[in-house]
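J.: model this:
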Amino acid sequence: MKKHFMICVNNHGYEASLEIRKIYEVLIDKTAEKHHQIRVIDESSEDYLYPEKYFAPIRLPSITKEKLELVTA
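T.: Numbering: from 1, shown residues only. Okay, the predicted model is just below:
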């Protein structure tokens with residue numbers, strides 16, 4: 001499965017779980033998307049739902065994505 005990454009732009013109420021300006025792996029969750037949430041692997045190394053407005057999409061060069069995928073594998 002292809003991995004997706006987003007950058008955290010807000011962590012209000014989730015300061016212990018999310019770091020602003022940090023890149024996080026995002027898992028596809030169609031049900032969560034219907035509720036304007038996304039499933040993120042956070043600082044606990046577990047996946048949790050967060051408001052989608054707390055993250056922004058980023059475009060990474062292919063080589064960077066490959067390296068991130070190796071690290072998170």
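J.: Tell me who's in contact with Ile7.
T.: Applying C-beta atoms under 8 Å, 6 or more residues apart in numbering to Ile7 gives the contacts Arg21, Lys22, Ile23, Tyr24, Phe55, Ala56, Ile58. (C-beta placed from N, C-alpha, C; glycine too.)
J.: Closest to Leu68 out of those?
T.: Nearest to Leu68 out of the contacts of Ile7 is Ile23 (C-beta to C-beta; 7.4 Å).
J.: wait, what's in contact with the closest one?
T.: Ile23 sits next to Phe5, Met6, Ile7, Cys8, Ile58, Leu68 when contact means C-beta under 8 Å, 6+ apart.
J.: All the strands of this structure, in order from the start?
T.: Assigned by DSSP state E, the strands in the chain fall at 4-8, 23-27, 37-41, 47-51, 55-57.
J.: So which of those strands is the most surrounded?
T.: Sort those by mean neighbour count, taking mean count of other C-beta atoms under 10 Å, and strand 37-41 sits at the top with a mean of 20.
J.: what's the longest helix in the protein?
T.: If you go by DSSP state H, the chain has its longest helix at helix 62-72.
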